[in-house]
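> coordinates for the following, if possible.
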Amino acid sequence: MVDLANTRNIGISAHIDSGKTTLTERILFYTGRIHKIEEVRGKSGVGAVMDNMELERERGITIQSAATFVTWGDTHINIIDTPGHVDFTVEVERALSVLDGAILVLCGSSGVQSQSITVDRQMRRYNVPRVAFINKMDRAGADAYRVTQQLREKLKHNAVMITIPIGAEDQFEGCIDLRIRKAFYFDGDNGENIREEEIPEDLKEKTEEMRAKLVEAVADFDDDIMEKFLEGEEVSAEELNPVIRKATLAQDMTPVFCGSAYKNKGVQILLNGVVQYLPNPTEVENKAFEIDNAGKETEVVLETNDDKPMCSLAFKLEDGRYGQLTYVRIYQGKVTKGSFIFNTRTGQKVKLGRIVRMHSDKMEDIEEAGSGDIIAMFGVDCAAGDTFTDGQVKYSLRSMYVPAPVIEYSIEPKDKGSLSNFSKALNRFSKEDPTFSVRRDEESGETLIAGMGELHLEVYIERMKREYKCETIVGEPQVRYRETIQQEVAYAYTHKKQTGGSGQFAKIGGTMRPLTDPENEDEIYRFVDKIVGGVIPREYIPSCDNGFKQAMERGVVIGFPVVNVEMELNDGGFHAVDSSDMAFQLCARTAFKEAMKTAKPVVLEPVMKVVVETPEEFQGAVQTTLIRRRGVIQGSETAYGTTAIEAHVPLSEMFAYSNELRSSTQGKAEYSMEFTKYAPVPSSVQTELIEKYKDRQK
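Below you'll find the predicted structure:
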């Protein structure tokens, strides 16, 4: 078994094209996991090891997170390389939800970009300590000091440089370790030979200046170092390291390393930093919920201990060439080949026939795995987010945050003969990816797929064609609108039906109001029970709640789901014979619809945060393209001849934007887009939507 003190579970996350996969490739090489480096867009056509999907190698992007494990010195490191493209953000969510630490990769010239902000927010969501790696120091405009400052200003990190660069751009040669005041150069064909030298004369003053800043920052967390710093005494690396580690684990400090993964410089020092500063599994508190026989949940803290009852989380499913693979993080206890495990959600008992450690799409069989391990198992039918135990306890782990899809396509197979493969593909993709959903429109009979963006759905359509030999006909993209209310209204409704035999009777009253204070980002509806004196029997109150929820599935303006509504129930009446669960559900549904019509209903549209990076001379042209699409410019930033423009633009206006951007900038600009919020549409647009979706109201 692996020594837990010498185990690290880390993720590598960044904005698209910051060099995550290239960095992972170098880590694999330096740890002896691979013996030949392949580039993401290598001339050999092989592609990076961690990009094992054909589509990834063609497009030069990471689509699925890939897991591997390496050994660096005495330390066993489980690594997950995650996508940078925002359409595949769930891959980052699922990785960070089970990891103990992370490397935040930043481009030396572009610095903190839009997706850097997103992945940093995700790391905070799961309380993941991180070290930063300023990559691409060989690129034009690379400036490690500016990027570190952006970490402080844009991400509010207490970013502290541990290494500084020797030169930059095409003069980048290596890095200086401030802790020990030594210069490091990386020789050999692949930078495998590390040469330690004295600091170049022209950088001695800068080194002392930056080391003083490092010591000053660390002094805030240790009285002895503070005393030495104030008295001008020397502070050794041996004194600094434990304090930096403690501050990093508490997320009070972010150690910053620099280098160039592509030029094979600085990666080994970063690996040392991962071992020195990121937590082992015993240093992270993980919580679960114990469920008793009545279904009541009590929070418990899991112990990273092999002797405790086993508790693990299935965080990723993959239907590969070997059948369904289930990636699992073990939080407590251990699993052995041939043992039985229990799915808390379904109650199903499963025998573990085979457990493996993953290395991208390759695997190594193992007999057992313990607390803190990340493994994969075969033949286990489950969903992403399921909790598994050994049957001694009934625990449930909270699964990751899943953002709601914002775009929808209608889709059908080109020929009816491939209908079976079409269904298999959709079932598999929706099981693997919680942000990819499939539904059938009852009115039109169409199959609708929904996802996080055009690229997200295009990738699945392409995979259907390649992996399932199923060509498809795809309809126009549809925006997933929502509806809500803008004012508080009282409601009162009586449902009465008498047609021979037993009748139906239900009477309810209360208040409908906008939900302005959600407890979390998932809360879109709240039911408030204020019934007193038995005016409605207790058994019918959940029926009212269910009726309101059913009514929210289709709003009164254009027939899209309703969000952000609080329904207070405070009055009503019943009949001893004719009242029933169904009567109160029907009553609540109609009451909701009638009340909503008078509560100033409005259509909400998904608004995207769009960041365009363009040569400076095209700034005006790009802003014009965004404003023409109802965009609101949030700001812009120019550095080294490149301008990054941020705008909030409705998703409905962003279709085919890449073509317009290309023609406006001679193909020199690129953009990224991610969902930011739902916002009311202008009244003129709402009128158009009512006309467009009038069939949904029938």
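> tell me which element the closest residue to Tyr30 other than its chain neighbours falls in.
Nearest residue to Tyr30, sequence neighbours excluded (C-beta to C-beta, 6 or more residues apart in numbering): Gln268, at 5.6 Å. No exception for glycine: its C-beta is placed from N, CA and C like everyone else's. Per DSSP states H and E, Gln268 falls inside helix 267-277.
> mean confidence score for that helix?
Regarding helix 267-277, the rounded mean pLDDT is 95.
> residues of the following helix or strand past it that come out buried?
With elements assigned by DSSP H and E, the helix or strand that comes after helix 267-277 is strand 286-291. For strand 286-291, a neighbour-count test (16 or more other C-beta atoms under 10 Å) marks Asn286, Ala288, Phe289, Ile291 as buried.
> before we move on, back to that, can you give the distance of the helix holding Gln268 from its chain's centre?
Centroid displacement of helix 267-277 relative to its chain, using C-alpha atoms, centre = their mean, to the nearest Å, is 25 Å.
> which residues of the stretch 451-600 of the chain fall in helices?
Under the criterion DSSP state H, counting those that start in this stretch, the stretch 451-600 of the chain contains helices at 454-468, 541-551, 581-598.
> would JSON lines of those helices with mean pLDDT, distance to Phe186 and mean neighbour count be doable?
Listed next are these as JSON lines, based on pLDDT from 0 to 100; distance: least, C-beta to C-beta, whole Å; neighbours: other C-beta atoms under 10 Å:
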{"stretch": "helix 454-468", "mean pLDDT": "86", "distance to Phe186": "35", "mean neighbour count": "19"}
{"stretch": "helix 541-551", "mean pLDDT": "95", "distance to Phe186": "60", "mean neighbour count": "20"}
{"stretch": "helix 581-598", "mean pLDDT": "95", "distance to Phe186": "65", "mean neighbour count": "21"}
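> let's have these in CSV, adding distance to Met123.
CSV is the format used below for these (distance: least, C-beta to C-beta, whole Å):
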stretch, distance to Met123
helix 454-468, 22
helix 541-551, 33
helix 581-598, 39
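> what about the ones you listed, which gets the closest to Tyr409?
With respect to Tyr409, and counting by C-beta to C-beta, the nearest of the helices of the stretch 451-600 of the chain is helix 454-468 at 5.6 Å.
> quick one: list the elements packing against that closest one.
helix 54-59, strand 407-413, helix 419-432, strand 447-451, strand 472-474 (3 or more C-beta pairs under 8 Å, 6 or more residues apart in numbering; DSSP states H and E).
> looking at the ones you listed, spot the one closest to Asn570.
Comparing these against Asn570 with C-beta to C-beta, the closest turns out to be strand 447-451 (36.7 Å).
> correct me, but the residue nearest to Tyr30 touches Ile194?
Yes. In this structure, Gln268 is within contact of Ile194 by C-beta atoms under 8 Å, at 6.0 Å.
> what is in contact with those two at once?
Phe186 (C-beta atoms under 8 Å, 6 or more residues apart in numbering).
> gap between the two ends of stretch 126-137?
29 Å (C-alpha to C-alpha, to the nearest Å).
> swap in stretch 275-286?
First-to-last residue span, stretch 275-286, C-alpha to C-alpha: 21 Å.
> tell me the buried residues in that stretch?
Gln276, Tyr277, Leu278, Pro279, Asn280, Pro281, Val284, Asn286.
> contacting residues around it?
By C-beta under 8 Å, 6+ apart, stretch 275-286 touches 4-10, 72-73, 75, 77, 100-102, 129-131, 241, 244-245, 248-249, 255, 301-302, 304, 331-332, 371-372, 397.
> how about a cut-off of 7 Å?
Identification of contacts with stretch 275-286 by C-beta atoms under 7 Å, 6 or more residues apart in numbering yields 4-5, 7-10, 72-73, 75, 100-101, 129, 131, 241, 244-245, 248-249, 255, 301-302, 304, 331, 371-372.
> would you mind measuring from the closest residue to Ala492 other than its chain neighbours to Gly573?
Excluding its sequence neighbours, the residue lying closest to Ala492 (C-beta to C-beta, 6+ apart) is Gly509, at 4.0 Å. Going from Gly509 to Gly573 by C-beta to C-beta, to the nearest Å gives 9 Å.
> now swap in His15 and tell me
Distance from His15 to Gly573, by C-beta to C-beta: 59 Å.
> repeat that for Phe342.
Following C-beta to C-beta, the distance that separates Phe342 from Gly573 is 46 Å.
> these two: which has the busier surroundings?
Taking neighbours as other C-beta atoms under 10 Å, Phe342 and Gly573 compare with Phe342 leading, 18 against 13.
> which ones are touching that one?
Going by C-beta under 7 Å, 6+ apart, Phe342 touches Lys349, Phe388, Thr389, Gly391.
> can you show me the CA trace of the host helix or strand of it as CSV?
In the assignment (DSSP H and E), Phe342 maps to strand 340-343. What follows is strand 340-343, C-alpha atoms only, in CSV (Å, rounded to 0.1, in the frame of the first residue of the first chain):
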residue,chain,number,x,y,z
PHE,A,340,-18.5,-6.5,-2.5
ILE,A,341,-19.5,-2.9,-2.5
PHE,A,342,-22.8,-1.2,-2.0
ASN,A,343,-24.3,1.8,-4.0
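> tell me which residues in that strand are buried?
Within strand 340-343, the residues scored as buried using 16+ other C-beta under 10 Å are Ile341, Phe342, Asn343.
> kindly report the same for stretch 109-129.
Those buried within stretch 109-129 under the rule 16+ other C-beta under 10 Å are 109-120, 122-123, 126, 128-129.
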